[in-house]
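>>> Next input, structure requested:
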Amino acid sequence: MLVTTEPATIDAVRDFNRFYTNFLGVLNRAYLDSPYALTDVRVLFEIGSRGGVAASTLTRDLHLDPAYLSRILKRFREDGLIETKPDPDDLRSQTITVTDKGQQQFHEFVRRSRAEIAGHFDALAIGEPERVIDAMRTIQTALNPSANAVPPAVIRTHRAGDIGWIVQSQARFYCEEFGWDLRFEGLVAEVAGKFLANFNPQKDQCWIVERGGLNVGSVMVADGGGGIAKLRLLYVDKTARGLGLGKLLVGECIRFARSAGYHQLSLWTNDILDAARGIYVQSGFRLVSEEKHRMFGPELNGQTWVLDL
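Here you go, the predicted structure:
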C-alpha cells in the first residue's frame, strides 16, 4: 500500500494514541477499580444498553475475535452477570441479556465512568472542557463518515456563563476576521454588562443557539426606552452558518418585542456585514441613518435600522 501521509503526521497520531490509551486505562487489568478489564466493561455496557444482543453482533460491532468474546461471556455467566439463550435468527449464535445482578453492575460502571470523567474535567480551566469536546467531535466526524450526521440546533434563553461566551466569541471573530481592534471587545463587554445589570425578563431577553452541546449563536433584545427595543449582538459561529440560524434569532427578537409591547425594534450594524443586513431587509427593517466611523480601527460605515411593530 502506498503511504502518502507525512511521517510527522503519522508520528503525531501514534503519540496521541499512546497518550489516550494510557489516559483511558486500556492496558489496566482492573478498570474502574473492578476485577474486569476495559474490554470486559465495554462488552457488558453494550449488552446492558441494548437490552439484549446477539453474540455475533457483538463480535462484528466491537471487532472482537469470537473466541476472545466467548471467554469474556463465560466469565460473565460464572459471575452471574448475564444469561444466554439461542438466537432465533441464527442458531449458531446466542442472544445475551443481563441479569438483575448484571444490571446493577452495568449501572455501577456507568456511575464510576461518569465520576472519573467529571474528575478530569473539573480540574480544567473555564472553557477548556468545551475545547476538548470540540476536538473529540472533530476527530470523530473526520475519521468516521457514519458519525457525520449534523446535530440539530436548539434555541434557548441565556444562563450563567453565556454572556461571557458572547463577549469572547464575538471579540475573537470580528478582530480576527475584520481586523477590528480591542475597542470592539470593550463595546461588546459594555453592552453585555449593561444587559445583565438592568435585566428585566418582561422587557429584555437573550437567546443562545446550541448545537451538539456547544454555543454557536446569540442575540439580545434590550429596553431602549420610549417604547423602543434594541436588537443587540446578533452572532452565528462560522461552524453553523448557512443553516438559517441568524434569521431564526432575529425572528425570536421580533416576536418578543411585539409581545413585550414595544412599538419599534431598532439596531445598529456596519454595512460590511452583508449576511446580517440581508436578514434585516428580509425581516422588514428599513435603513434610517448611516455614518462613517473608526470606532474599532478600520474605517467603517455604521448603519441604524428600524422595524415598526
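>>> Got the confidence number for Leu81?
pLDDT for Leu81: 90.
>>> gap between Leu44 and Val53?
11 Å (C-beta to C-beta, to the nearest Å). To be clear about C-beta, it is placed using only N, CA and C from the backbone, and glycine gets the same treatment.
>>> Show me where the stretch 101-250 of the chain has its strands.
153-157, 205-211, 214-223, 228-236 (DSSP state E, counting those that start in this stretch).
>>> And the contacts of stretch 229-248?
Contacting residues not belonging to stretch 229-248 are listed as 153, 155, 166, 169-170, 173, 188, 191-192, 195, 203, 209, 211, 215-224, 249-250, 253, 256-257, 260, 262, 264-267, 275-276, 279, 282-283 [C-beta atoms under 8 Å, 6 or more residues apart in numbering].
>>> Could you rerun that using 6 Å?
153, 170, 191, 209, 211, 216-222, 224, 253, 257, 262, 265-267, 276, 279 (C-beta atoms under 6 Å, 6 or more residues apart in numbering).
>>> Give me the mean pLDDT for that stretch.
In this model, stretch 229-248 has a mean pLDDT of 90.
>>> For Ala171, which non-adjacent residue is spatially closest?
Glu185 (3.6 Å; C-beta to C-beta, 6 or more residues apart in numbering).
>>> Tell me which of Leu44 and Val53 has more neighbours.
Between Leu44 and Val53, counted using other C-beta atoms under 10 Å, Leu44 has the larger neighbour count: 24 against 19.
>>> Can you pull the domain assignment for the protein?
Using the TED database, the domains assigned to the chain come out as 7-143, 154-308.
>>> got the end-to-end distance for the shortest one?
End-to-end span of domain 7-143 (C-alpha to C-alpha, to the nearest Å): 18 Å.
>>> Check the offset of it from the chain's centre.
23 Å (C-alpha atoms, centre = their mean, to the nearest Å).
>>> can you start the count at 8 instead of 1 from here on
In the new numbering, first residue 8, that becomes domain 14-150.
>>> surely the residue nearest to Ala178 meets Arg179?
No - judged on C-beta atoms under 6 Å, Glu192 makes no contact with Arg179 at a distance of 8.7 Å.
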